[in-house]
Every structure is written in C-alpha cells, then in structure tokens.
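>>> below is the sequence, then the predicted model.
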Amino acid sequence: MIVESSHLAKPFLLAAEGLNKSFDGFKAINDLNFYLDEGELRTVIGPNGAGKTTFLDLITGRTQPDQGTLVWDDAKHDLLKLNEYEIYRLGIGRKFQTPTVYNDHTVTENLILSLAGSRGIWHSLFGKVTPAQRERIAEILATIKLTNQAYRKAGELAHGQKQWLEIGMLLAQEARLLLVDEPAAGMTDEETYRTGELLLSLAGKHTIVVIEHDMTFVRQISQGRKVTVLHQGHVLCEGPVDQVQADERVIEVYLGRKSKVA
Ligand code: ADP
Ligand code: MG
C-alpha cells in the first residue's frame, strides 16, 4: 500500500486519503484527507452534520467507505480490509457520546473487563487478577481520578465520572488511538475542564482524536496543537486554534448556521 502524499514525510499513525461515503446520494464524507502523527492530541470541530461521527465510523470499521484509503501505523495495515474487531485489536478504541459502561458492575470491575487480553467476562470477574493487573487498575483509577469511587457501581456515578471511566476503559484496553466523540456534551463546566486536563495528561502517551463543539474546551486542549475543521465531509482548514477561529471560511460556515466559533 502506498499513500502518495507530501504530508507523509515521517512515520504516521493514521492516514485517510480520498475518502468518500454517501448515504442515499448525500455525501457525508467527501474526498477527505486526514493525517495523524503518533502522540498527537487532535481536535476536530465542525458544524452539525459535517461528517465527524461518520469519519469515526469509517476508522473503526463500523461503516465502509465507497472510495478511498485508510491506513494505520505507517501503512502497515489497511484498515479497509479489516473488520471492527480486528481494528479494535490493533489498538483503536472509541468512546461514544453516550457512556457505555456496565452499570451493574463496580468501577474496578469495569476496568478489569476492559483489560487488554482479558479472557471473557466470567474469567475477568471471578478469575484471579494478577498483581500486575491490580497495579495497572490502581494507576488508571488515579489517572481518571476515580480512586475513591473504585467500588461503587458504575450506574451510580455522575455523568462526568462515567465518561472518565469510559476513557479509563480505553486505557485498560491499551488503546494506542483514542477516538473521543463530544466528551463535554452534558457535562458541567467543572467536569468539562477536568476532562480537558485528563486528555492533556494522556497526550503523547496515547494518540487522541477529540471531536468537540465547546470552544472553551477546544481552546483548553488545543493550545500549540493542530485543530481540524470539517465541513460537508471535507477538511475546510487545519492549524493552530487561533488561526482556525480567525479563518474567514470557518467563521462563514459557523455563521451560516447561526452559531459562531467563540
Ligand atoms: P456530525 O457528527 O459531524 O454531526 P455525522 O457524521 O453524524 O455528522 O453525519 C453526517 C451526515 O451523514 C448527516 O447528514 C447524517 O444524517 C448522515 N448520516 C450519518 N450516518 C448515517 C447513516 N447511517 N445513514 C444515513 N445517513 C447518515
Ligand atoms: Mg456527531
């Protein structure tokens, strides 16, 4: 597989080129090119219907594109030839907008269930947890700041805490790439800020793509980093957050929809 692009001077983690996906003749993804380096924390913004979630569906194998290239880890893997489970096994983890945790299990059990190489639910919950796994769980609990909730049922957690648990589950999976769709939705300002701090603490160790609307949050996590603006399934522009927010085309796209980038 050869990805022909001047963008690819160094090894990359994920590359999409000429990606297209239509639903009943409507182009949700339209000739999309997107390149991600290892360790990046990339924010993707764009109006409703811009194709952001569909793009994540394509990366995770939930949806198949009509056309295009989608390759992983310096093109060692062609994602379009793999199914959802195989893509997950490569280390591509996704957090959906609505938390999908096991409500009847404790926070710790949720993390144990997600541990990489976990051998089925029964074994995970009733089999022996090794000292190394116990240590890893403690480390993740500290990272997601849920140590003092470790033995609470996930169903009893506040909305924000559930979202952090789900990010913790991606860490337990040892996901190399974390795809996070609108984490701030439904969160309080305080929860949103703490989510930003969590994602910033993970950047570098993991590669993260965050889709978000909340511009205060976007500014918090994207200082000195690249922001991608998606519009009508295509990259409208990419660059530092200040540059993107000042871009005439971006302002027009948002103003055209009676919302603004501020
Ligand atoms: P965003 O996440 O940027 O708000 P989406 O990717 O959810 O946008 O949607 C982009 C467009 O594609 C929307 O018009 C949406 O209705 C359409 N779309 C997404 N998924 C499907 C699907 N499975 N079937 C039909 N239309 C879809
Ligand atoms: Mg969406």
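Looks like it arrived, so ask away. Ligands and ions are numbered 1, 2, ... in the order given.
>>> in the stretch 51-200 of the chain, what residue is nearest ligand 2?
When scored by CB to the ion, the stretch 51-200 of the chain has Thr53 as its residue closest to ligand 2, at 3.3 Å. Every C-beta, even on glycine, is put in place using the N, C-alpha and C of the backbone.
>>> that residue sits in which helix or strand?
When elements are assigned from DSSP states H and E, Thr53 belongs to helix 52-59.
>>> average model confidence for that helix?
For helix 52-59, mean pLDDT rounds to 97.
>>> next helix or strand past it?
Of the helices and strands lying after helix 52-59 in sequence (DSSP H and E), the nearest is strand 67-72.
>>> quick one, what contacts Phe96?
Residues touching Phe96, when contacts are defined by CB atoms under 8 Å, 6 or more residues apart in numbering, comprise Asp181.
>>> so how far is Ile221 from it?
In this structure, Phe96 and Ile221 are separated by 19 Å, where distance is defined by CB to CB, to the nearest Å.
>>> if we can go back for a sec, thought the residue of the stretch 51-200 of the chain closest to ligand 2 was touching Val180?
No - using CB atoms under 8 Å as the test, Thr53 is too far from Val180 to be in contact (11.6 Å).
>>> Gly233 reaches Asn33, doesn't it?
No - taking contacts as CB under 8 Å, Gly233 lies outside contact range of Asn33: 11.4 Å.
>>> compare those two and say which is more crowded by neighbours.
Just comparing Gly233 and Asn33: by other CB atoms under 10 Å the higher neighbour count belongs to Gly233, 23 against 17.
>>> look at that one and report its pLDDT.
Reported pLDDT at Gly233 in the predicted model: 97.
>>> contacting residues for it?
With contacts defined as CB under 8 Å, 6+ apart, the neighbours of Gly233 are Asn20, Lys21, Lys27, Ala28, Ile29, Asn30, Asp31, Leu32, Ala50, Gly51, Thr54.
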